[in-house]
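# model this:
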Amino acid sequence: MQERYKHRDISWLDFNYRVLQEAKDKNVPLLERIKFLAIYSSNLDEYFRVRVANHRSLVRAGKAAHKELDYTPSEILEEILSIVNEQQLEFSRIFEREIIPDLKRNNIYLLRREKLNKDQIAYIEKYFTDFMLPYAQPVLLVGNKVKPFLNNNALYLALHLQDKETATTHYAIVKVPSDHLPRFLELPNKLKEKHELIMIGDIVRHNIKEIFPGYDILDSYSIKLTRDAELYIDDEFSGNLLDKIKKSLNQRNIGQASRLVYDRSMPRHMLDFLMTVFDLSSYDLLPEGRYHNNSDFFKFPHYEMAHLKDAALPPLSIQKLEQADNIFEVIAEHDFFIHVPYHKYESVVKFFEDAARDPNVTHIKIIQYRVAKVSRIMDALKKAVSNGKQVSTFIEVKARFDEETNLMWGETLSSNGVNVYYSMPGYKVHSKMAIVRRLEAGVPKIYAYCSTGNFHENTAKLYSDVGLFTADPRITSEATRVFSS
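Residues are numbered from 1 along each chain as shown. Modelled structure (predicted):
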């Protein structure tokens, strides 16, 4: 009998595949297609660090831990890897056979080192010596004796070497410093209308002989290790949850391997050696093309070629809110519905900034899931306290990959007099709402903002979310109960 439902992590792969389909759609402008490759890759990185890492942990835990599950973790993991392998083959095909030729048709050339002229070779050799050499970090691998730690999501080249004197072969790795330098380097050429680029991994490939002068370089292949990002709080219901999260965050980038990404053209003897050195199983392997960390395509140069991008779609202003002398007087007249990023987010920021300085406002309460590192909304909360308002915020510190930012804001707001409340054990609070209590003719009135999106000025320019400003007591009374419970 066919299953009626897909496992959620298999279904997620269907979602991410729809992103990849945008990259091969010829109706999408070329640079936007490259951006979709970056989105697909960025999504997949987080997926492996969290979802796939969880399945691997269940597989390692053995059958005793599977009793309460309605699925077999090893089967789900195998299906995930099979689907992702197929998608990665398609990713490589799109990039090599569609994106690169279309770039050439627009006079943008992504070159490999074999295609460089003499001037360009001299240029990348000098660039390597001047900027890259201090970060290269070469390590000769000696079986189980030397096991270097691979940084999470860092790029490396795995090397097969031969000693020039003894003819013995060895393996080594060298770091590609993409965390210190731009991933794409523009090369000199004599034609202004022609743009030639090289990825810095290929610069390292070309200069490996300078790092290992006593060896002949037989082969070089790119690799990347993704580490488990789950916090694994052993007991969320006892002890100090905040302290446990802080301690777990320190372990995030040294967690167990959840994926070794490697160039699929790597020979089996080399892959077997790496699996031994880094204690990897077949579940930990994911073949890709020549290049990894493809989320770096977010930074692919645009060269002011507007015709290769979607036309700008400026967000609409809600002038009655944004230009109001006092936003609450306008909301009192009727509700306002906003839809970002198609509407500006300025009205939300103004809601808090007006509340901070309005002498009739007595209380501000907000639920914070994710906010910007530099935030006018958070600054408004601090200003409100200095103006004598009572301000309180609930902070969900289990907002994945924003835990540190939320902890930072919690400490900052608390030190400025805001009453800060943190995550509840056993629950993750995704609610995004705020209420403002204002005295009008001596009578308190509640204003609320309820939203699907975070109080984050930056992501409001990217993510599609809706929000409602209201003073309707049928809604504000419910919102008040949320904060009172």
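# now do the strands in the stretch 301-450 of the chain.
Secondary structure of the stretch 301-450 of the chain (DSSP state E, counting those that start in this stretch): strands at 336-340, 361-368, 390-395, 419-422, 432-440, 443-451.
# tell me which residues of the fourth one come out buried.
Within strand 419-422, the residues scored as buried using 16 or more other CB atoms under 10 Å are 420, 422. Yep, even glycine has a C-beta here, placed from its N, CA and C like the rest.
# next one: that strand to chain centre, how far?
Centroid displacement of strand 419-422 relative to its chain, using CA atoms, centre = their mean, to the nearest Å, is 27 Å.
# what comes into contact with it?
241-242, 390-397, 410, 413-414 (CB atoms under 8 Å, 6 or more residues apart in numbering).
# from the residues you listed, which two are the most distant?
Across the contacts of strand 419-422, the longest distance by CB to CB is 25.0 Å; it joins 241 and 390.
# which one of these two has more residues nearby?
Between residue 241 and residue 390, residue 241 has the larger neighbour count (other CB atoms under 10 Å), namely 19 against 15.
# how long is stretch 288-308 from one end to the other?
Terminal residues of stretch 288-308 lie 27 Å apart, using CA to CA, to the nearest Å.
# burial check on residue 118, number of neighbours?
7.
# contact partners for it?
Going by CB under 8 Å, 6+ apart, residue 118 touches no other residue.
# how is the chain carved up into domains?
Domain ranges of the chain: 8-308, 319-484, per automatic domain parsing.
# in the strand ranked longest in the chain, which residues are buried?
Looking across the chain with DSSP state E, the single longest strand is strand 215-227. Neighbour-count burial for strand 215-227 flags 215, 217, 220, 221, 222, 223, 224, 225, 226, 227 (criterion: 16+ other CB under 10 Å).
# kindly report the same for stretch 465-474.
Residues 465, 467, 468, 469, 470, 471 are the ones in stretch 465-474 that count as buried (16+ other CB under 10 Å).
# repeat that for stretch 292-312.
So, applying 16+ other CB under 10 Å, buried residues of stretch 292-312: 292, 293, 294, 295, 296, 297, 300, 308.
# then stretch 349-366?
Buried residues in stretch 349-366, counted by 16+ other CB under 10 Å: 349-356, 358, 361, 363-366.
# hmm, who's touching that stretch?
Outside stretch 349-366, the residues that touch it by CB under 8 Å, 6+ apart are 321-322, 324, 326-328, 376-377, 380-381, 383-384, 387, 389-394, 433-440, 444, 447, 449, 455, 457, 469, 483.
# report the buried members of those residues.
Among the contacts of stretch 349-366, those scoring as buried are 321, 324, 327-328, 376-377, 380-381, 383-384, 389, 391-394, 433-438, 447, 449, 455, 457, 469, 483 (criterion: 16+ other CB under 10 Å).
# and the buried residues of stretch 465-474, which two are furthest apart?
Longest span within these, CB to CB: 465 and 471, 21.1 Å.
# nearest to residue 51 among the buried residues of stretch 465-474?
Nearest to residue 51 among the buried residues of stretch 465-474, with distances taken as CB to CB, is residue 465, at 23.2 Å.
# what separates the nearest residue to that closest one once chain neighbours are set aside from residue 468, distance-wise?
In this structure, residue 465 finds its nearest non-sequential neighbour in residue 453, 2.8 Å apart by CB to CB, 6 or more residues apart in numbering. Here residue 453 is placed at a distance of 11 Å from residue 468 (CB to CB, to the nearest Å).
# likewise for residue 436?
As judged by CB to CB, residue 436 and residue 468 stand 14 Å apart.
# what is in contact with these two at once?
With CB under 8 Å, 6+ apart, residue 436 and residue 468 have common neighbours residue 448.
# quick one: the helices in the stretch 1-150 of the chain, in order.
For the stretch 1-150 of the chain, helices defined by DSSP state H, counting those that start in this stretch occupy the ranges 8-23, 30-47, 53-61, 73-94, 100-105, 118-127.
# for my notes, confirm residue 262 occurs in a helix.
No. Membership of residue 262 in a helix is not supported by DSSP: H, G, I helix; E, B strand; the rest coil, which gives strand.
# who's it bridged to?
Using DSSP bridges, the beta-bridge partners of residue 262 come out as residue 223, residue 287.
# so it sits right up against residue 226, yeah?
No. Judged on CB atoms under 8 Å, residue 262 makes no contact with residue 226 at a distance of 11.7 Å.
# before we move on, back to that, show the pLDDT at the residue nearest to residue 465.
You'll see residue 453 listed with a pLDDT of 91.
# that one falls within a strand, correct?
No. Checked against three-state DSSP, residue 453 lies outside a strand; its state is coil.
# so, low pLDDT: which residues of the stretch 151-300 of the chain?
Under the criterion pLDDT under 70, the flagged ranges of the stretch 151-300 of the chain are 228-258.
# and the strands in it?
Here the stretch 151-300 of the chain has its strands, by DSSP E, counting those that start in this stretch, at 155-163, 169-176, 184-187, 195-199, 215-227, 257-263, 285-288.
# how about the fourth one: buried residues?
It refers to strand 195-199. Going by neighbour count (16+ other CB under 10 Å), the buried part of strand 195-199 is 195, 196, 197, 198, 199.
# nearest to residue 79 among these?
Among those, and counting by CB to CB, the member closest to residue 79 is residue 199, at 32.2 Å.
# please report the distance of the closest one from residue 297.
From residue 199 to residue 297 the distance is 10 Å (CB to CB).
# please report how far residue 79 lies from residue 159.
Residue 79 is 34 Å from residue 159, by CB to CB.
# neighbour count winner among the two?
More neighbours surround residue 159 than the other of residue 79 and residue 159, with 25 against 15 (other CB under 10 Å).
# point out where the stretch 351-485 of the chain drops to low pLDDT.
399-402, 426, 485.
# correction: the previous question concerned the stretch 1-150 of the chain.
Along the stretch 1-150 of the chain, segments meeting pLDDT under 70 span 1-3, 61-69, 143-146.
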